[in-house]
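[1] Curious how this folds, go ahead:
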Amino acid sequence: MAAAARFFIRGANSKLSITGIGNGSQSSFVETLVKLSPSSNSRTKTQRRHAHFTFQPDPERTQYGPTQKMNLFQSVTSALDNTLATDPTAVIFGEDVAFGGVFRCTVGLRDKYGKDRVFNTPLCEQGIVGFGIGAAVAGATAIAEIQFADYIYPAFDQIVNEAAKYRYRSGNLFDCGSLTIRAPWGCVGHGSLYHSQSPEAFFAHCPGIKVVIPRSPVQAKGLLLSCIADQNPCIFFEPKILYRAAGKQHCMRI
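    Modelled structure (predicted):
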């Protein structure tokens, strides 16, 4: 497993090479990537070139479907559920996500979609993000979870020097835009120094990545789905203090 993590950290993305590594290790990472990831060439040049866009309002009023009341943590779960249901290449991985995560945002997803699509990783944030970069470059929709935003610093080099610059350094031929990094953010309760930090400013000033912090259930669901669909790597910080706030909002059940 460690060999596979180091392999991805170094930026390799050849399926042939990945299969070779898998023969010598018991890494579920490798098996999952080979099963779910289409070729990186499946992305058209048009998709790669148009990662940035100018917002233009829809000419017609948006038609909304059925809604239900959700708090913020439920809206995050709903967005992840929707992604796994509609995108066969989507995978969710991180520390303890298989049993539902510390804040229960992934609860039930492993049972519903299987251990190859929702799975635990070693306690190595650098490896989590490194694997996510490799999976995204190979064509998968990679959704990585950092258990607390405070733990993201070991992955700083992977995010800033690899994920953010992948499109630039490849001359616009490749990207890891289908990488989304989720992390519970901010202070709540008795978190103390290792569970209360707000590191968004470190990443907001880095070209090539997008940083998002929702403030309501509706925003959380819509923005998380937008981050997952975006053609740039995104960091999605989730305010812990709002996870189970009393105020629920009507969110679409898509």
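[2] residues of stretch 140-158 that come out buried?
    Using 16 or more other C-beta atoms under 10 Å as the test for burial, stretch 140-158 gives 140-152, 155-156, 158. Backbone N, C-alpha and C define where each C-beta goes, glycine included.
[3] Can you flag which of these belong to helices?
    In this view, the buried residues of stretch 140-158 that belong to helices under DSSP state H are Phe156.
[4] What is the most widely separated pair among the buried residues of stretch 140-158?
    Spatially, the most separated pair among the buried residues of stretch 140-158 is Ala140 and Asp150, at 26.9 Å (C-beta to C-beta).
[5] on that earlier part again, just the buried residues of stretch 140-158: which are in strands?
    Within those, residues falling in strands by DSSP state E are Thr141, Ala142, Ile143, Ala144, Glu145.
[6] residues in contact with the last one?
    Going back to what we said before, that points to Glu145. Neighbouring residues of Glu145 by C-beta atoms under 8 Å, 6 or more residues apart in numbering: Ile92, Phe93, Gly94, Glu95, Val97, Gly101, Cys105, Thr106, Ile128, Ile181, Arg182, Ala183.
[7] got it, and the third one?
    The contact partners of Ile143, by C-beta under 8 Å, 6+ apart, come to Leu80, Thr83, Ala90, Val91, Ile92, Phe93, Gly132, Thr180, Arg182, Ile228.
[8] Any idea how many residues pack against the last one?
    Using other C-beta atoms under 10 Å, the number of residues around Ile228 comes to 22.
[9] Sticking with it, tell me its helix or strand.
    Using DSSP states H and E, Ile228 maps to helix 217-229.
[10] what residues does that helix touch?
    Helix 217-229 is contacted from outside by 70-72, 74-76, 78-80, 82-83, 90, 141, 143, 178, 180, 182, 210, 212, 214, 234, 236, 238, 248-252, using C-beta under 8 Å, 6+ apart.
[11] between that helix and strand 141-145, how many degrees?
    130 degrees (axes from the mean of the first three to the mean of the last three C-alpha atoms, to 10 degrees).
[12] need the next SSE after helix 217-229, C-terminal direction.
    Using DSSP H and E, the helix or strand that follows helix 217-229 towards the C-terminus is strand 234-239.
[13] So which elements touch that next one?
    When contacts are defined as 3 or more C-beta pairs under 8 Å, 6 or more residues apart in numbering; DSSP states H and E, strand 234-239 packs onto helix 72-86, strand 179-185, helix 200-204, strand 210-212, helix 217-229.
[14] Show me the one of those that comes nearest Arg169.
    Minimum separation from Arg169 across these (C-beta to C-beta) falls at strand 179-185, 15.3 Å.
[15] and that closest one, C-alpha only, in CSV?
    The C-alpha coordinates for strand 179-185 follow below in CSV (Å, rounded to 0.1, in the frame of the first residue of the first chain):
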residue,chain,number,x,y,z
LEU,A,179,-10.1,16.1,-7.8
THR,A,180,-12.1,17.5,-4.9
ILE,A,181,-10.7,17.6,-1.4
ARG,A,182,-13.2,17.8,1.5
ALA,A,183,-12.2,18.8,5.0
PRO,A,184,-14.2,19.7,8.1
TRP,A,185,-13.1,23.3,9.0
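[16] where does the stretch 51-200 of the chain have low pLDDT?
    Applying pLDDT under 70 to the stretch 51-200 of the chain flags the ranges 51-55, 62.
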